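Novice: structure for the following, please:
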Amino acid sequence: MRTTQRLLREPLVHFLGIGGLIFLLYVAVSDPVAAPVNTIVIGPEQIEQLAKSYQATWRRPPSAEELDRIIDEAVREEVYYREALALGLDSNDTIVRRRLRQKMEFLADSGAALVEPAPGELEAYLRANEERFRRSPLLAFEQIFLGQDTAPGRSEEILTMLRSNRVEDPSSLSSSTLLPQQLGLSSPQTVDGVFGQGFFEQLFELPRGRWAGPLESAYGVHLARIDERVEAHLPALAEIRETVLRDWKAMKAQQIRELYYARLRANYVVEIVRAQNQDPAIQ
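Specialist: Residues are numbered from 1 along each chain as shown. Take a look at the predicted model:
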């Protein structure tokens, strides 16, 4: 009895007793069934998103069996993802690092979609970037192909006939070719893409409404008549506002991305250690 009373008075026994009570209290108030660390939960919201993604692709909702397969695939993906992280497969992987960078830049860019220009800002942006929005010249014309080897004086003879309106069908004077006899209003890129580099420039020097030539293309000699000409010009903002706005937002997105990176970069100390006698150009 005396031994029991002496033990009860020991501070160590008091400490152990209090510790045991605290442990029992923690067990009583804590969740009796703790979720395992490797639990994968596919909740209603994720299932709905999977179903919407399927419907967006196949233009119909998935059947119950198809939805089960989609969920199984989501679980498979999550299992492989977690196991890959556990094995450290995300480390030093160029593709993974690049993809993560893209996601960070996407987060930075997303705010630019909400930015709207202040009054007069788009007008100023258009003036500062005129060359970017300037419309190229356009030509509509008719041509006659004379072939690769033209006899001396042949082109002048045909020009005289055409200008005197003695020919009802100018195409009858053309050599056989797959080249179009006429083109509606077309850009330099379109014309040169058909007739060869530099043909548009030769055409642009011709007077309107009068047969002229000869002109050299990648295929041979031509006579041509300009039916319509549109000079290069800068459209009014009202005409191209959506294009200018889209370009302005892209510029703002780049600015925001650079500011975002600068703020993140300020949190790091970067040390570049070069090998001895290494070329400074090698990073």
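
Novice: state the distance from residue 41 to residue 78.
Specialist: Look at residue 41 and residue 78: by Cβ to Cβ, to the nearest Å, they are 10 Å apart. From N, CA and C alone the C-beta is placed, and that goes for glycine too.

Novice: please say which of these two ends up with more neighbours.
Specialist: Comparing residue 41 with residue 78 by other Cβ atoms under 10 Å, the one with more neighbours is residue 78, at 13 against 7.

Novice: so what pLDDT did the more buried one get?
Specialist: Note for residue 78: predicted pLDDT of 85.

Novice: any idea which helix or strand carries it?
Specialist: helix 64-86 (DSSP states H and E).

Novice: other residues contacting that helix?
Specialist: 38, 40, 42, 46-47, 50-51, 54, 62, 90 (Cβ atoms under 8 Å, 6 or more residues apart in numbering).

Novice: tell me the first helix or strand C-terminal of the helix-or-strand element of the chain with minimal mean pLDDT.
Specialist: When each helix and strand of the chain is scored by mean pLDDT, DSSP states H and E, helix 11-29 comes last, with a mean of 44. Next helix or strand after helix 11-29 toward the C-terminus (DSSP H and E): helix 44-58.

Novice: which residues does stretch 148-168 contact?
Specialist: 144, 146, 170, 173, 210-214, 219-221, 223, 225.

Novice: residue boundaries of the helices in the stretch 101-250 of the chain?
Specialist: 121-128, 130-133, 154-163, 188-195, 199-204, 237-265 (DSSP state H, counting those that start in this stretch).

Novice: now for these, which one comes closest to residue 100?
Specialist: Proximity to residue 100, assessed across the helices of the stretch 101-250 of the chain by Cβ to Cβ, is greatest for helix 237-265 (13.0 Å).

Novice: tell me which other helices or strands the closest one touches.
Specialist: helix 94-110, helix 121-128, helix 130-133 (3 or more Cβ pairs under 8 Å, 6 or more residues apart in numbering; DSSP states H and E).

Novice: can I get stretch 112-128 in CSV, CA atoms only?
Specialist: Taking Å, rounded to 0.1, in the frame of the first residue of the first chain, the C-alpha atoms of stretch 112-128 are listed here in CSV:
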residue,chain,number,x,y,z
ALA,A,112,-4.3,40.7,-70.5
ALA,A,113,-7.7,39.5,-71.9
LEU,A,114,-9.4,41.7,-69.3
VAL,A,115,-7.4,44.8,-70.1
GLU,A,116,-9.2,47.4,-72.2
PRO,A,117,-7.5,50.4,-73.9
ALA,A,118,-8.0,53.9,-72.5
PRO,A,119,-9.7,56.5,-74.7
GLY,A,120,-7.3,57.4,-77.5
GLU,A,121,-4.9,54.6,-76.8
LEU,A,122,-5.8,52.5,-79.8
GLU,A,123,-5.5,55.5,-82.1
ALA,A,124,-2.0,56.1,-80.7
TYR,A,125,-1.1,52.5,-81.1
LEU,A,126,-2.2,52.5,-84.7
ARG,A,127,-0.2,55.6,-85.5
ALA,A,128,2.9,54.1,-83.9
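
Novice: give me the contact list for that stretch.
Specialist: Counting by Cβ under 8 Å, 6+ apart, 133, 234, 237, 241, 244-245, 247-253, 256 sit against stretch 112-128.

Novice: one more pass at 7 Å, please.
Specialist: Residues from elsewhere that reach stretch 112-128, judged by Cβ atoms under 7 Å, 6 or more residues apart in numbering: 133, 237, 241, 244-245, 248-249, 252-253, 256.

Novice: most widely separated two among those residues?
Specialist: Taking Cβ to Cβ, no two of the contacts of stretch 112-128 sit farther apart than 237 and 256, at 23.5 Å.

Novice: which ones are touching the residue sitting nearest the centre point of the chain?
Specialist: By Cα atoms, centre = their mean, the chain has its centre lying nearest to residue 250, at 10.4 Å. By Cβ under 7 Å, 6+ apart, no residues touch residue 250.
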